[in-house]
Each structure stands twice: as structure tokens, then as C-alpha cells.
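J.: Mind folding the following:
(chains A, B, C and D)
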Protein chains: 2
Amino acid sequence: MSSEKSCIVRHFNYFHPVSDEDRELLAQLEDSATPVRAGTILWEEQDEAAEFSTLKAGWAFSYRNLENGSRQILDIYLPGDIIGLREFAFSQRLAGVQMIEDGEICFFPHRNLVNIFHRSFTLTSILFAVASRQQVMLTERLVNLARRNARQKLAHFLLEMCQRLKQTHGNGCESFRLPLSQEVLADLLGLSTVHVSRTFTALSDDGLVFRDRYNVKIPDLEALKQEAGFDDRYLIENMRPLFNGAKA
Amino acid sequence: MSSEKSCIVRHFNYFHPVSDEDRELLAQLEDSATPVRAGTILWEEQDEAAEFSTLKAGWAFSYRNLENGSRQILDIYLPGDIIGLREFAFSQRLAGVQMIEDGEICFFPHRNLVNIFHRSFTLTSILFAVASRQQVMLTERLVNLARRNARQKLAHFLLEMCQRLKQTHGNGCESFRLPLSQEVLADLLGLSTVHVSRTFTALSDDGLVFRDRYNVKIPDLEALKQEAGFDDRYLIENMRPLFNGAKA
DNA sequence: CGTGGGGTTGATACTCCTCAACCCCAGTGG
DNA sequence: CCACTGGGGTTGAGGAGTATCAACCCCACG
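T.: This next block holds a predicted model:
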């Protein structure tokens, strides 16, 4: 299971078991994994968009550069995540993607996606679920950016990350590694780096979050959830009922 | 074409021509249109999610209510739009939906979506494209909320709406109807109603936007696009290349 | 003719930004 | 082994942008 041939299967299995046949189909359609160094830009805005990719190892993020020189980070991608589904209906990239750490990625041409639609009902449903989940996460981030103050934004983001890490890598939330500089956090949360720093010290003064380099400690999870207005339901999808009722 | 039997086909045709066979399939799977009054709540957060719906007539919006009493509006839906795709992988609604004006909607059970995956490759691809487009629009709104000031937020939103209206209903942008109160605009843009009012008067003083009740006039489109940092590429999807290359 | 929803305007307060100085530390070359 | 350098982070002072509260206006509607 850990040395899975396909990049994507591990991620898919989280949604629904993948048959051997489907597993074979996936392996056949995706390109082989290639290593990428930290800082590498996988693609930039306005590049041609003809494939998506899956992260086999390492972290990455997608971003938009604005007219005024600022940058908005849109997603953080963890190992197993699918990158670039967004542009399926477009011929150009609408956001750039950059590696945060060394890693490995597989490319998967859009036209092969269409092959999946032809050949596997299960994989199609899973892909749709992945897109659905991404949209829901985006929605939650939108609310976070629009309606919460710096303290809540930061707390909410940390909780989202530790929940995601828990789901896919089994870490706990009390203490986890978060290899993001305060600049990245600022661009992610729509804040200045200065204010991110201040917010961390404020949260630390209140005993809610302790950050040392890339290590984050959350001693009282419930207290922080309260502070952030965090409700993890948006990260807990469940598509089994759909499958159960629909085979007929 | 205007008196289309299916709610959804008109929307789909915008992405790719729909065959008679597919047209029949859709008609068969969706429930019949039912009229709904302005203000009706189609569903609320945490309701069971087992279907999505298509707007045949009227405007609607989706929203999230926050702990602190504020409300964030997530999307504005126009006639022809699909509502609730977001929750495909979830068993609960994550956002409520309310009608802005009298209209008509069709419901479409999730499990029928799965039937489409089984039976029509073209419709599956279009559905995926619709999800893709929705995600892209959400992304652009996220950037708008996170990185722009009130003036730009409002300008950007007005431009997005008039572009969408142009695409689906053939209006021009110089003058169009926008049946949204300043309270709705505030909840949409993450502002207070007071500041929305001030921003309108500021834009009007500068000759960029004139609003009278629900009518909006934009005398100089280019000037406003400049002001807002608006680039319409995110609204102009194009999935034809995909189809052309993938049939084999 | 009163009532209420929607919008405008003014005064004040708070959140977060910007600029600038400074610190810490790891890596590099002499 | 030490001095230099640069990236990342912290702290302070001042200012921009937007929120909040409150009063008021307008007008459609019963």
C-alpha cells in the first residue's frame, strides 16, 4: 500500500475502494513520477493547460499574482492531492503552482481523464467527489478570508491543516510539522507578514498556539476550535450512501 | 430552444452541443419544474443533501451563517445555473440557498447523476466542466475578497455579473438589471452595508458606476475594468479542444 | 397617514497595513 | 575560526481603510 504503483490510487482509496481493474487503468493513463526540487514552479498563470498532476511526495501551493504586486495563495497541496483539476474546462492555467519542498509528481493529461469517463464509472464518481471536496474547501477558505479577523484566520488555517494531515498521514494535532514561512502564511491569509508574526505571538501569549520554526503545537484543540469558529464537517466527506443506492 | 423541456440542457449547450439522446436522458432523470417565491429557502446548512437543482427562472444565492452572526454569500445563481454540485461528496448541505426573486427550479437526485456517469460520456464531461467553471469562479471571488479594497471588490463583482449576464442572456454591460440590495452586496463582498453605500457614491462621483434602484450603468467599461483589475478570462472557458482530441 | 425597508451621512473606534529598525541564525568564503 | 551576508522573524510608530453606532431621508405600501 505504501509503495503503490499509481500516484493517485492512494488518494482515491480514501473516498472509495478501487478495484484492481481500475487500478490498472489509472496506472496506464498516468505518466511516471518525476522528482522536483523545492521552489520549482510546475506551471505559471496563462501556461497552456492540458494536464493535471498528482503529488506523490512533498508539499506544493497554487497562487495568483495580482496587478498590484501582491500574491494570493489559493491552496496548499499535500502528498496524494490532485493539482490542476480546476482548469479542466479551460485551455489556460488560471493559477501558478510551486513546490514548497522537494517531492515527486505525476502528470495526467486531460484527455486521459476523458478516457476514465468512458471506461470506469467508479473512478468517474471518485473524481467528481474529489472536485466536490476541493470546491467545499475553497468555500470554507473564502468564508475564512472574508469574515474573520487575523487571529481567527490563522487559527482556522492551522486547524484545517492538522485535520488534513491527520486524515491522510495519521499525525495528531497536538504537534505537527508545517513547513510554511510567515510570508507564505501571509499570502495565504490575506495578511501582511508583520501581522502574521504579531498574531502568532498573541496566540502564544494566550497559550493557544506555539510555533517554533516549522513545528506547531496546539495544547488545547477545543479551545482553538472555539476561537476560530472551526467546524470540521467540511473536511469529512462521505460518498458511500451514493454508491449504495445507485448501482441499479 | 427557449421552451426547452429540460431545465439543464440550455446551460449544457453552452459548453458543448447536446445530442437528442442525451437530451432525452436528462429530461428523464430530472424532476419537473416547480415554481418558488422570492425569499424561499430551498435548503439550509446541515439539511440532508441528496439532490442538486437547476434554476429554470429567477435568481438565487447560497450562503453560510457564521458563529458571530454575520452571513457570507457564496454564489449568485442565474437562470440556467446548477445549484448544489458542491455537496456531491457530502451527505449534508454545507451552505443554505435562498431565492432572490420568484422563479422555477428542477431537482435532480445525486443518484441520477451517477446514472449519467454510466450512460453518457458527453454529459459527464460537461458536468465536470461545470464543476470546473464553478471552482474557477470561486477562486476568483476568493482573490477578490482577500486582496482588493472595497472599491475594487464592488467594481469587480459588477463586472463579473454583467459578463455572466451577457454570456447567458445577451444583455450588454452598459446598463443592466441587478436585483440585489446593498445588504446582499455587503454580505457578498465582506463589507458593511454602510460602506457599500459609500463606495457606490464614490464610484458614482468618479463617473464609473451609476446605480438607481436595481439598474446599474457602466458608461466606460474599460475604465472600470482597469480600476478593478478585472480580467474576464476566468469566465471564458473552452473545453472543445478536449473533445476534439479524445474521441479515439 | 403611519410604517418599515432600504439607503445616506456623520462621528468615532478598531483592525490591520506600511515603513523602518533591529535581531537571530545558518551558510559561505577568507 | 571568524566575519560577512541574507533570509526569516520581531517590535515600534504612524496611518489607511473599514466597522459600528446613530440619526435621518425617501418612498412604496397597507
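J.: Skipping adjacent residues, who's closest to A:Ile73 in space?
T.: A:Leu188 (4.2 Å; CB to CB, 6 or more residues apart in numbering or on different chains). Any C-beta I mention is one placed from the backbone N, CA and C, and that applies to glycine too.
J.: what sits against the one you found?
T.: Going by CB atoms under 8 Å, 6 or more residues apart in numbering or on different chains, A:Leu188 touches A:Phe61, A:Gln72, A:Ile73, A:Ile76, A:Phe157, A:Leu180.
J.: buried subset of those?
T.: A:Phe61, A:Gln72, A:Ile73, A:Ile76, A:Phe157, A:Leu180 (16 or more other CB atoms under 10 Å in any protein chain shown).
J.: Just put these in CSV and tack on distance to B:Phe200.
T.: What follows is the buried ones among the contacts of A:Leu188, written out as CSV (distance: CB to CB, whole Å):
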residue, distance to B:Phe200
A:Phe61, 36
A:Gln72, 25
A:Ile73, 31
A:Ile76, 36
A:Phe157, 33
A:Leu180, 38
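J.: Just name the closest of those residues to B:Ile116, please.
T.: Nearest to B:Ile116 among those: A:Ile76, at 32.2 Å, using CB to CB.
J.: Show me the two of the contacts of A:Leu188 that sit farthest apart.
T.: Maximum pairwise distance among the contacts of A:Leu188 (CB to CB): 14.7 Å, between A:Gln72 and A:Leu180.
J.: residue boundaries of the helices in chain A?
T.: For chain A, applying DSSP state H gives helices covering A:9-15, A:20-29, A:110-119, A:121-147, A:150-169, A:182-189, A:193-205, A:221-228, A:240-246.
J.: Mean neighbour count, those helices: which tops it?
T.: By mean neighbour count, with neighbours taken as mean count of other CB atoms under 10 Å in any protein chain shown, helix A:121-147 ranks first of the helices of chain A at a mean of 23.
J.: packing partners for that helix?
T.: For helix A:121-147, the packing partners by 3 or more CB pairs under 8 Å, 6 or more residues apart in numbering or on different chains; DSSP states H and E come out as helix A:9-15, helix A:20-29, strand A:71-77, helix A:110-119, helix A:150-169, strand B:71-77, helix B:110-119, helix B:121-147.
J.: Any chance of TSV for those, columns mean pLDDT and distance to DNA strand D?
T.: What follows is the helices and strands packed on helix A:121-147, written out as TSV (pLDDT from 0 to 100; distance: least, CB to the nearest atom of the strand, whole Å):
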stretch	mean pLDDT	distance to DNA strand D
helix A:9-15	77	29
helix A:20-29	86	36
strand A:71-77	96	13
helix A:110-119	87	34
helix A:150-169	93	11
strand B:71-77	96	12
helix B:110-119	87	36
helix B:121-147	93	10
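J.: Relative to A:Ser91, which of those is closest?
T.: That would be, of the helices and strands packed on helix A:121-147 and by CB to CB, helix A:110-119, which comes in at 9.7 Å.
J.: Hey, what's the angle from the closest one to helix B:121-147? Just curious.
T.: Counting by axes from the mean of the first three to the mean of the last three CA atoms, to 10 degrees, helix A:110-119 points 130 degrees away from the direction of helix B:121-147.
J.: got the angle for helix A:110-119 vs helix A:20-29?
T.: Helix A:110-119 runs at 160 degrees relative to helix A:20-29, counting by the same axes, to 10 degrees.
J.: Show me what helix A:110-119 is packed up against.
T.: Using 3+ CB pairs under 8 Å, 6+ apart, helix A:110-119 sits against helix A:20-29, strand A:51-57, helix A:121-147, helix B:121-147, helix B:240-246.
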